[in-house]
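1. got a predicted structure plus its sequence, pasted below:
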Amino acid sequence: MKLNFMKTSMNKIKMVAFDMAGTTVRDNQEVEKCFIEAARTTGLDFHSADILSMMGWSKRLVFETLWRKFQPKADDSLIQQNTNNSYLNFKKILEIHYLTHPIVPTEGTLELFSYLKAQNIKIALTTGFYRQVTDIILKKLGWLVGLDANYVGYESSVINVSVSSDQVQNSRPAPDMIFKAMQLLEIRDSNSVINIGDTPSDLQSGINAGCFLSLGVTNGTHSFSQLKEFENDGLLDNILELQNVIEGIQG
């Protein structure tokens, strides 16, 4: 664990905003593989570094960005047509994958959730996935149980709220999903929120939201050496280390 922050808080931590794939849900490069398959089958050329730099974004926005780079002279109607084609293929491939493969939490996630529940700290999941595939993942994990129509949890639910990228105007690195989760949980001050994820866009979304801390985990899709290049308040070896961070803040 390497922490970069020198902060004191007059507020107790009220919510932690977690990324899903790579942070709370184990990711063995499934998303990247599905993305690459969809790109190649729809004729999109790209570099692996391009995809890595945009992990955590809305996947449709990633396709649009890559198509604009691949076809810089194409008019907007063609870009949108190609983007839609690639994105629809990606959705089909991704949904089939998650419906037919095991989905498990990352090591330490369930223990951390139990700790946060005991401390009355709300658990928010935010994701670059769209709602349909988010629900597939949550259902297979058993985390969809206890959520209402707005994806807000009752006392018996594993998580307190789930927000996907298609529920907000702007996906990461914009702070919209964090703000949406705060609104649904009636939390008004982002200085009482910790954000945590495994990509640069996760980190930036927490910084843009004004979260008390925006932390990275280095055992997901990005390593310590990759994440240290981006603004952050600390990099953790694994998600369970967040418990020690919170105990140090709360006193």
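-> Done, it's in. All of these numbers come straight from a predicted model, not from anything done at the bench.

2. okay, now Leu236: neighbour count?
-> Counted with other CB atoms under 10 Å, residues neighbouring Leu236 total 22. Every C-beta, even on glycine, is put in place using the N, C-alpha and C of the backbone.

3. same check, this time on Gly142
-> Residues lying near Gly142 (other CB under 10 Å) number 11.

4. and it, what pLDDT?
-> Looking at Gly142, its pLDDT is 97.

5. by mean pLDDT, point me to the weakest helix or strand of the chain.
-> Within the chain, no helix or strand scores below strand 2-3, which has a mean of 66 by mean pLDDT, DSSP states H and E.

6. tell me which helix or strand comes right after that strand.
-> Counting by DSSP states H and E, the next helix or strand C-terminal to strand 2-3 is strand 15-19.

7. name the strands paired with that next one and say parallel or antiparallel.
-> strand 122-127 (parallel), strand 193-197 (parallel) (DSSP bridges).

8. give me the neighbour count for Glu95.
-> Using other CB under 10 Å, Glu95 has 15 neighbouring residues.

9. and it, what does it touch?
-> Gln132, Val133, Ile136 (CB atoms under 8 Å, 6 or more residues apart in numbering).

10. do you know how far it is from Asn89?
-> 11 Å (CB to CB, to the nearest Å).

11. circling back to that earlier point, and the contacts of Glu95 as a markdown table, adding neighbour count, distance to Gly234 and secondary structure?
-> Below are the contacts of Glu95 laid out as a markdown table (neighbours: other CB atoms under 10 Å; distance: CB to CB, whole Å; DSSP: H, G, I helix; E, B strand; the rest coil):
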| residue | neighbour count | distance to Gly234 | secondary structure |
| --- | --- | --- | --- |
| Gln132 | 12 | 33 | helix |
| Val133 | 22 | 30 | helix |
| Ile136 | 18 | 32 | helix |
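
12. and these, which is closest to Phe212?
-> Distances from Phe212 to the contacts of Glu95, taken as CB to CB, are shortest for Val133 (30.0 Å).

13. contacting residues for that closest one?
-> Residues near Val133 by CB under 8 Å, 6+ apart: Lys91, Leu94, Glu95, Tyr98.

14. closest to Ala209 among the contacts of Glu95?
-> Of the contacts of Glu95, the one sitting nearest to Ala209 (CB to CB) turns out to be Val133, at 23.7 Å.

15. the host helix or strand of Leu110 - contacts with which helices or strands?
-> Secondary structure from DSSP H and E places Leu110 in helix 109-118. In this structure, helix 109-118 packs against strand 122-127, helix 242-250, with contacts taken as 3 or more CB pairs under 8 Å, 6 or more residues apart in numbering; DSSP states H and E.

16. from those, which stretch is densest packed?
-> Of all the helices and strands packed on helix 109-118, strand 122-127 carries the top mean neighbour count, a mean of 27, counting by mean count of other CB atoms under 10 Å.

17. that one vs helix 109-118, what angle?
-> On the basis of axes from the mean of the first three to the mean of the last three CA atoms, to 10 degrees, strand 122-127 is oriented at 140 degrees to helix 109-118.

18. any idea how far strand 122-127 is from the chain center?
-> Taking CA atoms, centre = their mean, to the nearest Å, one finds the center of strand 122-127 at 8 Å from the center of the full chain.

19. follow-up on the earlier one: and the strands paired with strand 15-19 as CSV, adding mean pLDDT?
-> As requested, those are exported to CSV (pLDDT from 0 to 100):
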stretch, mean pLDDT
strand 122-127, 97
strand 193-197, 98
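
20. ok, which of those comes nearest Ser164?
-> Between Ser164 and the strands paired with strand 15-19, the shortest separation by CB to CB is 5.5 Å, and it involves strand 122-127.
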